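Visitor: make a model of this:
(one chain, ligands or ions: 2)
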Amino acid sequence: MPPLHKATVGNFETYVLPKVVEGTPGDKALAKSMIDAWHKDGILQVAMDPVDQILADNAFNASKQFFARPCREKEKYVDDQSFSGYIASGEEITDGVADYSEIFTVTKDLPLSDPRVQQKWPCHGPCPWPSEEMQNTMNAYMAYLGDGGEKILQLIALGLNIPIDSFSKFTRDGWHHMRVLRFPQIDKTNGKGKTGRGIGSHTDYGLLVIAAQEHIGGLYIRPPYDGEKVANWETSAAGLKEDDEGWVYVPPVPGVFTVFPGDMMQYVTDSYLPSTPHKVGLNTRERFALAYFHEPNFSAVMRPLKRPEEEGIHYGTHFTNMFMRNYPTRVTAKRMLEEGRMDMLKKKELKWE
Ligand SMILES: O=C(O)CCC(=O)C(=O)O
Ligand SMILES: [Fe+2]
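Guide: Ligands and ions are numbered 1, 2, ... in the order given. Down below sits the predicted model:
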(Lines give C-alpha, C1' and ligand atoms only; values in the text may rest on other atoms or scores of the structure.)
(Ligands and ions follow the chains in the order given, each with its own letter.)
Protein backbone atom coordinates (compact mmCIF):
# COMPACT_ATOMS: atom_id res chain seq x y z
CA MET A 1 0.00 0.00 0.00
CA PRO A 2 1.30 3.50 -0.78
CA PRO A 3 2.79 5.31 2.21
CA LEU A 4 1.17 8.46 3.69
CA HIS A 5 -2.43 7.29 3.26
CA LYS A 6 -4.55 5.86 6.07
CA ALA A 7 -6.89 3.14 4.85
CA THR A 8 -8.19 -0.36 5.39
CA VAL A 9 -7.44 -2.96 2.72
CA GLY A 10 -10.43 -4.00 0.63
CA ASN A 11 -11.32 -7.50 -0.50
CA PHE A 12 -14.06 -7.17 -3.09
CA GLU A 13 -16.59 -9.49 -4.73
CA THR A 14 -15.57 -10.84 -8.15
CA TYR A 15 -18.09 -11.64 -10.91
CA VAL A 16 -18.02 -13.33 -14.29
CA LEU A 17 -20.20 -11.61 -16.88
CA PRO A 18 -22.46 -13.82 -19.04
CA LYS A 19 -21.82 -13.97 -22.81
CA VAL A 20 -25.17 -12.26 -23.31
CA VAL A 21 -27.62 -10.85 -20.80
CA GLU A 22 -30.97 -12.53 -21.40
CA GLY A 23 -32.88 -11.85 -18.24
CA THR A 24 -32.74 -15.44 -16.99
CA PRO A 25 -33.13 -16.13 -13.26
CA GLY A 26 -29.35 -16.62 -13.17
CA ASP A 27 -28.79 -13.16 -14.69
CA LYS A 28 -31.18 -11.65 -12.14
CA ALA A 29 -29.45 -13.29 -9.19
CA LEU A 30 -26.07 -12.11 -10.49
CA ALA A 31 -27.44 -8.59 -10.93
CA LYS A 32 -28.86 -8.40 -7.43
CA SER A 33 -25.58 -9.60 -5.99
CA MET A 34 -23.69 -6.90 -7.96
CA ILE A 35 -25.99 -4.20 -6.59
CA ASP A 36 -25.48 -5.56 -3.06
CA ALA A 37 -21.71 -5.43 -3.59
CA TRP A 38 -21.94 -1.77 -4.64
CA HIS A 39 -24.05 -0.97 -1.59
CA LYS A 40 -21.61 -2.73 0.72
CA ASP A 41 -18.25 -1.79 -0.85
CA GLY A 42 -18.90 0.90 -3.48
CA ILE A 43 -16.94 -1.20 -6.01
CA LEU A 44 -16.89 -4.71 -7.52
CA GLN A 45 -14.47 -6.76 -9.61
CA VAL A 46 -15.09 -8.51 -12.93
CA ALA A 47 -12.86 -11.41 -14.01
CA MET A 48 -11.46 -11.10 -17.53
CA ASP A 49 -11.05 -14.27 -19.53
CA PRO A 50 -7.51 -15.04 -20.74
CA VAL A 51 -8.13 -13.79 -24.29
CA ASP A 52 -9.36 -10.44 -23.03
CA GLN A 53 -6.56 -10.22 -20.53
CA ILE A 54 -4.23 -10.05 -23.52
CA LEU A 55 -6.07 -6.92 -24.67
CA ALA A 56 -5.42 -5.34 -21.26
CA ASP A 57 -1.75 -6.46 -21.27
CA ASN A 58 -1.30 -4.96 -24.74
CA ALA A 59 -2.85 -1.69 -23.59
CA PHE A 60 -0.48 -1.53 -20.59
CA ASN A 61 2.50 -2.24 -22.85
CA ALA A 62 1.47 0.49 -25.31
CA SER A 63 1.02 2.87 -22.38
CA LYS A 64 4.53 2.16 -21.04
CA GLN A 65 6.07 2.60 -24.48
CA PHE A 66 4.37 5.95 -24.88
CA PHE A 67 5.20 7.32 -21.42
CA ALA A 68 8.85 6.25 -21.84
CA ARG A 69 9.23 8.76 -24.68
CA PRO A 70 10.94 12.10 -23.96
CA CYS A 71 8.75 14.86 -22.56
CA ARG A 72 9.26 17.19 -25.52
CA GLU A 73 7.91 14.54 -27.82
CA LYS A 74 4.88 13.55 -25.70
CA GLU A 75 3.83 17.19 -25.39
CA LYS A 76 3.18 17.29 -29.14
CA TYR A 77 0.21 14.95 -28.85
CA VAL A 78 -2.47 17.49 -27.95
CA ASP A 79 -5.62 18.49 -29.79
CA ASP A 80 -7.14 21.95 -29.39
CA GLN A 81 -10.74 20.95 -30.11
CA SER A 82 -11.05 17.76 -28.08
CA PHE A 83 -9.56 17.10 -24.66
CA SER A 84 -7.85 14.01 -26.11
CA GLY A 85 -4.11 13.60 -25.84
CA TYR A 86 -1.23 14.16 -23.47
CA ILE A 87 -1.51 15.72 -20.02
CA ALA A 88 1.80 16.20 -18.22
CA SER A 89 2.28 15.37 -14.54
CA GLY A 90 1.16 18.46 -12.59
CA GLU A 91 -1.11 19.79 -15.37
CA GLU A 92 -4.45 18.40 -14.19
CA ILE A 93 -6.14 20.18 -11.29
CA THR A 94 -8.42 18.48 -8.74
CA ASP A 95 -9.90 20.76 -6.09
CA GLY A 96 -7.37 23.48 -6.89
CA VAL A 97 -4.30 21.22 -6.41
CA ALA A 98 -2.13 19.79 -9.22
CA ASP A 99 -2.37 16.02 -9.71
CA TYR A 100 0.85 14.08 -10.29
CA SER A 101 -0.84 11.73 -12.79
CA GLU A 102 0.64 11.71 -16.30
CA ILE A 103 -2.17 10.96 -18.73
CA PHE A 104 -3.08 10.19 -22.31
CA THR A 105 -6.81 10.83 -22.66
CA VAL A 106 -8.84 9.17 -25.39
CA THR A 107 -12.20 10.77 -26.17
CA LYS A 108 -14.39 9.95 -29.20
CA ASP A 109 -11.98 10.15 -32.12
CA LEU A 110 -13.79 12.29 -34.70
CA PRO A 111 -12.28 13.39 -38.02
CA LEU A 112 -12.34 17.09 -38.90
CA SER A 113 -14.98 16.23 -41.50
CA ASP A 114 -17.47 15.03 -38.85
CA PRO A 115 -20.47 17.41 -38.87
CA ARG A 116 -20.23 17.92 -35.09
CA VAL A 117 -16.60 18.99 -35.39
CA GLN A 118 -17.47 21.24 -38.35
CA GLN A 119 -20.21 22.84 -36.27
CA LYS A 120 -17.71 23.33 -33.41
CA TRP A 121 -19.51 21.25 -30.81
CA PRO A 122 -17.68 21.53 -27.45
CA CYS A 123 -15.08 18.79 -26.81
CA HIS A 124 -15.57 17.25 -30.27
CA GLY A 125 -12.46 16.63 -32.34
CA PRO A 126 -9.80 14.08 -33.23
CA CYS A 127 -7.59 12.06 -30.91
CA PRO A 128 -3.91 12.89 -31.56
CA TRP A 129 -2.65 9.30 -31.53
CA PRO A 130 1.13 8.95 -31.14
CA SER A 131 1.14 5.81 -33.31
CA GLU A 132 -1.17 3.56 -35.24
CA GLU A 133 -0.18 0.72 -32.96
CA MET A 134 -1.28 2.59 -29.82
CA GLN A 135 -4.50 3.58 -31.58
CA ASN A 136 -5.36 -0.02 -32.53
CA THR A 137 -4.40 -1.41 -29.14
CA MET A 138 -6.38 1.13 -27.12
CA ASN A 139 -9.38 0.91 -29.44
CA ALA A 140 -9.46 -2.89 -29.09
CA TYR A 141 -9.31 -2.68 -25.28
CA MET A 142 -11.98 0.05 -25.18
CA ALA A 143 -14.27 -1.99 -27.47
CA TYR A 144 -13.96 -4.94 -25.07
CA LEU A 145 -14.79 -2.75 -22.06
CA GLY A 146 -17.62 -1.16 -24.05
CA ASP A 147 -19.21 -4.61 -24.45
CA GLY A 148 -18.72 -5.27 -20.75
CA GLY A 149 -20.18 -1.88 -19.88
CA GLU A 150 -23.34 -2.58 -21.88
CA LYS A 151 -23.79 -5.95 -20.17
CA ILE A 152 -23.31 -4.41 -16.73
CA LEU A 153 -25.88 -1.69 -17.51
CA GLN A 154 -28.37 -4.35 -18.59
CA LEU A 155 -27.69 -6.43 -15.49
CA ILE A 156 -28.09 -3.45 -13.16
CA ALA A 157 -31.44 -2.66 -14.79
CA LEU A 158 -32.51 -6.28 -14.28
CA GLY A 159 -31.42 -6.14 -10.66
CA LEU A 160 -33.51 -3.00 -10.14
CA ASN A 161 -36.57 -4.68 -11.77
CA ILE A 162 -36.81 -2.03 -14.48
CA PRO A 163 -36.78 -2.50 -18.30
CA ILE A 164 -33.46 -4.00 -19.39
CA ASP A 165 -32.61 -1.02 -21.64
CA SER A 166 -33.31 1.62 -18.95
CA PHE A 167 -29.63 2.67 -18.92
CA SER A 168 -28.36 1.41 -22.25
CA LYS A 169 -30.90 3.49 -24.17
CA PHE A 170 -28.69 6.47 -23.26
CA THR A 171 -25.43 4.95 -24.51
CA ARG A 172 -26.11 4.76 -28.29
CA ASP A 173 -22.92 6.26 -29.77
CA GLY A 174 -21.96 6.86 -26.12
CA TRP A 175 -19.33 9.40 -25.10
CA HIS A 176 -17.10 6.61 -23.78
CA HIS A 177 -13.57 7.70 -23.02
CA MET A 178 -10.43 6.44 -21.34
CA ARG A 179 -7.55 7.83 -19.34
CA VAL A 180 -4.27 6.00 -19.83
CA LEU A 181 -2.42 6.79 -16.63
CA ARG A 182 1.10 6.75 -15.23
CA PHE A 183 1.90 7.82 -11.68
CA PRO A 184 5.49 8.66 -10.76
CA GLN A 185 7.24 7.02 -7.86
CA ILE A 186 6.58 9.03 -4.67
CA ASP A 187 10.11 10.48 -4.47
CA LYS A 188 10.45 11.20 -8.20
CA THR A 189 7.91 13.95 -8.80
CA ASN A 190 8.41 17.41 -10.30
CA GLY A 191 7.22 19.18 -7.13
CA LYS A 192 4.09 20.72 -8.69
CA GLY A 193 1.58 18.81 -6.53
CA LYS A 194 1.20 17.61 -2.96
CA THR A 195 3.54 14.96 -1.51
CA GLY A 196 2.14 11.47 -1.92
CA ARG A 197 -1.00 12.60 -3.76
CA GLY A 198 -1.55 11.15 -7.24
CA ILE A 199 -5.10 12.37 -7.94
CA GLY A 200 -7.22 14.16 -5.35
CA SER A 201 -10.52 12.67 -4.25
CA HIS A 202 -13.29 12.98 -6.83
CA THR A 203 -16.18 11.23 -8.49
CA ASP A 204 -16.38 10.60 -12.25
CA TYR A 205 -19.08 11.79 -14.53
CA GLY A 206 -21.10 9.20 -16.38
CA LEU A 207 -22.69 5.82 -15.79
CA LEU A 208 -19.83 3.41 -15.03
CA VAL A 209 -16.16 3.73 -14.12
CA ILE A 210 -14.23 0.65 -15.24
CA ALA A 211 -10.62 0.67 -14.09
CA ALA A 212 -7.67 -1.68 -14.29
CA GLN A 213 -4.31 -1.41 -12.58
CA GLU A 214 -1.07 -3.33 -12.90
CA HIS A 215 0.69 -4.90 -9.92
CA ILE A 216 1.52 -1.57 -8.22
CA GLY A 217 -1.50 -0.22 -6.33
CA GLY A 218 -2.57 3.32 -5.49
CA LEU A 219 -6.36 3.52 -5.80
CA TYR A 220 -8.57 4.19 -2.77
CA ILE A 221 -12.35 4.34 -2.64
CA ARG A 222 -14.97 5.41 -0.10
CA PRO A 223 -17.87 2.97 0.27
CA PRO A 224 -21.36 4.49 0.55
CA TYR A 225 -22.19 5.86 3.99
CA ASP A 226 -25.68 6.75 5.17
CA GLY A 227 -26.26 10.43 4.83
CA GLU A 228 -23.15 10.98 2.67
CA LYS A 229 -24.66 11.89 -0.68
CA VAL A 230 -22.89 14.57 -2.61
CA ALA A 231 -24.27 15.52 -6.01
CA ASN A 232 -21.18 16.33 -8.09
CA TRP A 233 -23.28 17.99 -10.79
CA GLU A 234 -24.50 20.55 -8.21
CA THR A 235 -21.62 20.93 -5.74
CA SER A 236 -18.14 19.75 -6.63
CA ALA A 237 -17.22 16.43 -5.03
CA ALA A 238 -13.55 17.16 -5.74
CA GLY A 239 -11.30 17.16 -2.68
CA LEU A 240 -14.11 15.89 -0.48
CA LYS A 241 -13.00 14.13 2.71
CA GLU A 242 -9.61 13.57 1.09
CA ASP A 243 -7.78 13.23 4.41
CA ASP A 244 -10.64 11.78 6.48
CA GLU A 245 -11.10 8.29 7.85
CA GLY A 246 -13.06 5.71 5.89
CA TRP A 247 -10.91 5.16 2.79
CA VAL A 248 -10.46 1.62 1.51
CA TYR A 249 -7.40 0.59 -0.50
CA VAL A 250 -8.09 -1.31 -3.75
CA PRO A 251 -5.34 -3.94 -3.91
CA PRO A 252 -4.16 -4.95 -7.39
CA VAL A 253 -5.70 -8.31 -8.32
CA PRO A 254 -4.41 -10.03 -11.46
CA GLY A 255 -6.95 -10.65 -14.24
CA VAL A 256 -9.76 -8.37 -13.08
CA PHE A 257 -11.13 -4.94 -13.76
CA THR A 258 -13.05 -2.96 -11.15
CA VAL A 259 -16.42 -1.28 -11.69
CA PHE A 260 -18.25 1.44 -9.78
CA PRO A 261 -21.07 3.89 -10.51
CA GLY A 262 -20.52 7.41 -11.86
CA ASP A 263 -22.45 10.66 -11.35
CA MET A 264 -25.16 9.96 -13.94
CA MET A 265 -25.91 6.55 -12.41
CA GLN A 266 -26.39 8.30 -9.09
CA TYR A 267 -28.59 10.98 -10.64
CA VAL A 268 -30.94 8.66 -12.52
CA THR A 269 -31.32 6.30 -9.54
CA ASP A 270 -31.93 9.14 -7.04
CA SER A 271 -28.73 8.17 -5.21
CA TYR A 272 -29.77 4.53 -4.79
CA LEU A 273 -26.48 3.79 -6.60
CA PRO A 274 -24.19 6.66 -5.55
CA SER A 275 -21.14 7.72 -7.54
CA THR A 276 -18.14 6.27 -5.68
CA PRO A 277 -15.59 8.84 -4.39
CA HIS A 278 -12.02 7.76 -5.06
CA LYS A 279 -8.45 9.08 -5.04
CA VAL A 280 -4.97 7.87 -5.98
CA GLY A 281 -1.88 7.84 -3.77
CA LEU A 282 1.69 7.69 -5.07
CA ASN A 283 3.51 4.46 -4.33
CA THR A 284 7.16 3.60 -3.80
CA ARG A 285 7.32 2.57 -7.48
CA GLU A 286 5.80 4.07 -10.61
CA ARG A 287 2.27 2.85 -11.31
CA PHE A 288 0.22 2.26 -14.46
CA ALA A 289 -3.58 2.27 -14.65
CA LEU A 290 -6.31 2.42 -17.30
CA ALA A 291 -9.53 4.19 -16.34
CA TYR A 292 -12.37 3.71 -18.84
CA PHE A 293 -15.65 5.60 -18.54
CA HIS A 294 -18.85 4.10 -19.95
CA GLU A 295 -21.01 7.11 -20.70
CA PRO A 296 -24.30 8.38 -22.09
CA ASN A 297 -24.38 9.98 -25.53
CA PHE A 298 -22.99 13.54 -25.36
CA SER A 299 -26.46 14.84 -26.26
CA ALA A 300 -28.38 12.68 -23.80
CA VAL A 301 -30.60 14.41 -21.26
CA MET A 302 -30.62 12.26 -18.14
CA ARG A 303 -33.65 12.20 -15.86
CA PRO A 304 -34.37 10.34 -12.60
CA LEU A 305 -36.02 7.04 -13.54
CA LYS A 306 -38.84 7.69 -11.09
CA ARG A 307 -39.36 11.33 -12.09
CA PRO A 308 -39.21 11.60 -15.88
CA GLU A 309 -40.94 14.99 -15.72
CA GLU A 310 -37.78 16.60 -14.24
CA GLU A 311 -35.84 19.04 -16.39
CA GLY A 312 -32.89 16.63 -16.25
CA ILE A 313 -29.16 16.97 -16.76
CA HIS A 314 -27.57 17.32 -20.17
CA TYR A 315 -24.64 14.91 -20.00
CA GLY A 316 -22.51 16.87 -22.51
CA THR A 317 -22.79 19.98 -20.35
CA HIS A 318 -21.75 18.06 -17.22
CA PHE A 319 -18.78 16.52 -19.07
CA THR A 320 -17.69 19.86 -20.55
CA ASN A 321 -17.96 21.66 -17.19
CA MET A 322 -15.83 18.99 -15.52
CA PHE A 323 -13.11 19.09 -18.19
CA MET A 324 -13.03 22.90 -18.21
CA ARG A 325 -12.56 22.81 -14.45
CA ASN A 326 -9.79 20.18 -14.55
CA TYR A 327 -7.81 21.67 -17.47
CA PRO A 328 -8.38 25.43 -17.26
CA THR A 329 -5.12 26.36 -19.01
CA ARG A 330 -5.19 23.75 -21.78
CA VAL A 331 -5.34 24.98 -25.41
CA THR A 332 -8.68 23.22 -25.76
CA ALA A 333 -10.21 25.21 -22.87
CA LYS A 334 -8.85 28.47 -24.25
CA ARG A 335 -10.16 27.82 -27.76
CA MET A 336 -13.52 26.78 -26.34
CA LEU A 337 -13.88 30.13 -24.56
CA GLU A 338 -12.48 32.21 -27.44
CA GLU A 339 -14.94 30.66 -29.88
CA GLY A 340 -17.90 30.84 -27.50
CA ARG A 341 -18.43 27.08 -27.75
CA MET A 342 -19.88 26.81 -24.23
CA ASP A 343 -22.95 28.70 -25.48
CA MET A 344 -23.62 25.89 -27.95
CA LEU A 345 -24.48 23.60 -25.03
CA LYS A 346 -27.77 25.45 -24.68
CA LYS A 347 -28.79 24.71 -28.26
CA LYS A 348 -31.61 22.30 -29.05
CA GLU A 349 -29.56 20.45 -31.69
CA LEU A 350 -27.19 19.30 -28.93
CA LYS A 351 -29.95 17.73 -26.86
CA TRP A 352 -31.78 14.43 -27.20
CA GLU A 353 -35.33 14.94 -26.05
O1 LIG B 1 -5.54 5.29 -11.15
C2 LIG B 1 -6.64 4.75 -10.99
O3 LIG B 1 -6.72 3.57 -10.64
C4 LIG B 1 -7.91 5.54 -11.18
C5 LIG B 1 -7.71 6.85 -11.85
C6 LIG B 1 -8.88 7.76 -11.77
O7 LIG B 1 -9.58 7.84 -10.79
C8 LIG B 1 -9.25 8.59 -12.93
O9 LIG B 1 -8.51 8.58 -13.91
O10 LIG B 1 -10.30 9.27 -12.87
FE1 LIG C 1 -11.50 8.80 -11.27
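Visitor: from residue 236, how far off is the spatially most central residue of the chain?
Guide: The centroid of the chain falls nearest to residue 293 when counting by Cα atoms, centre = their mean (3.6 Å). For residue 293, the distance to residue 236 equals 18 Å [Cβ to Cβ, to the nearest Å]. All C-beta atoms are positioned from the backbone trio N, CA, C, and that covers glycine.
Visitor: list the buried residues in the longest helix along the chain.
Guide: Looking across the chain with DSSP state H, the single longest helix is helix 132-159. Buried residues in helix 132-159, defined by neighbour count with 16 or more other Cβ atoms under 10 Å: 134, 137-139, 141-142, 144-146, 148-159.
Visitor: from the chain's centre, how far out does that helix sit?
Guide: 12 Å (Cα atoms, centre = their mean, to the nearest Å).
Visitor: name the helices or strands packed onto that helix?
Guide: helix 25-41, helix 50-67, strand 177-183, strand 208-213, strand 256-261, strand 287-294 (3 or more Cβ pairs under 8 Å, 6 or more residues apart in numbering; DSSP states H and E).
Visitor: contact residues of this structure facing ligand 1?
Guide: The chain comes close to ligand 1 at residues 179, 181, 199, 204, 211, 213, 219, 278, 280, 289, 291, as judged by Cβ under 6 Å from any ligand atom.
Visitor: one step back: of all the helices and strands packed on helix 132-159, which lies closest to residue 230?
Guide: strand 256-261 (13.2 Å; Cβ to Cβ).
Visitor: neighbouring contacts of that closest one?
Guide: With Cβ atoms under 8 Å, 6 or more residues apart in numbering as the test, strand 256-261 has contacts from 12, 14, 38, 42-48, 56, 145, 148, 152, 207-212, 219, 221, 250, 273-276, 278.
Visitor: ok, 7 Å please
Guide: By Cβ atoms under 7 Å, 6 or more residues apart in numbering, the surrounding residues in contact with strand 256-261 are 14, 38, 42-48, 152, 208-212, 221, 250, 273-276.
Visitor: need the contact list for the residue lying closest to residue 114 once chain neighbours are set aside.
Guide: Spatial nearest neighbour of residue 114, excluding adjacent residues (Cβ to Cβ, 6 or more residues apart in numbering): residue 124 at 7.1 Å. The contact partners of residue 124, taken as Cβ under 7 Å, 6+ apart, are 81, 82, 110, 116, 117.
Visitor: okay, the third one and ligand 1: tell me how far apart.
Guide: Yep, that's residue 110 we're talking about. 22 Å (Cβ to the nearest ligand atom, to the nearest Å).
Visitor: tell me the SS of the nearest residue to that residue once chain neighbours are set aside?
Guide: Among residues not flanking residue 110 along the chain, residue 117 sits closest, at 5.2 Å (Cβ to Cβ, 6+ apart). Here residue 117 is helix, with the state taken from DSSP: H, G, I helix; E, B strand; the rest coil.
Visitor: when you give positions from now on, start the count at 384
Guide: Fine by me, first position is 384 from now on; the one you just mentioned is residue 500.
Visitor: how about residue 500, what does it touch?
Guide: 464, 493, 507, 508.
Visitor: what do you get for residue 423?
Guide: Counting by Cβ under 7 Å, 6+ apart, the residues that residue 423 touches are residue 606.
Visitor: how about a cut-off of 10 Å?
Guide: 395, 396, 606, 607 (Cβ atoms under 10 Å, 6 or more residues apart in numbering).
Visitor: among the residues you listed, give me the pair with the biggest separation.
Guide: Maximum distance among the contacts of residue 423 (Cβ to Cβ): 14.8 Å, for 396 and 607.
Visitor: compare the two (neighbour count), which wins?
Guide: Higher neighbour count among residue 396 and residue 607: residue 607, with 21 against 15, using other Cβ atoms under 10 Å.
Visitor: the more buried one - that's part of a strand, no?
Guide: No. Assessed with three-state DSSP, residue 607 is coil; it does not lie in a strand.
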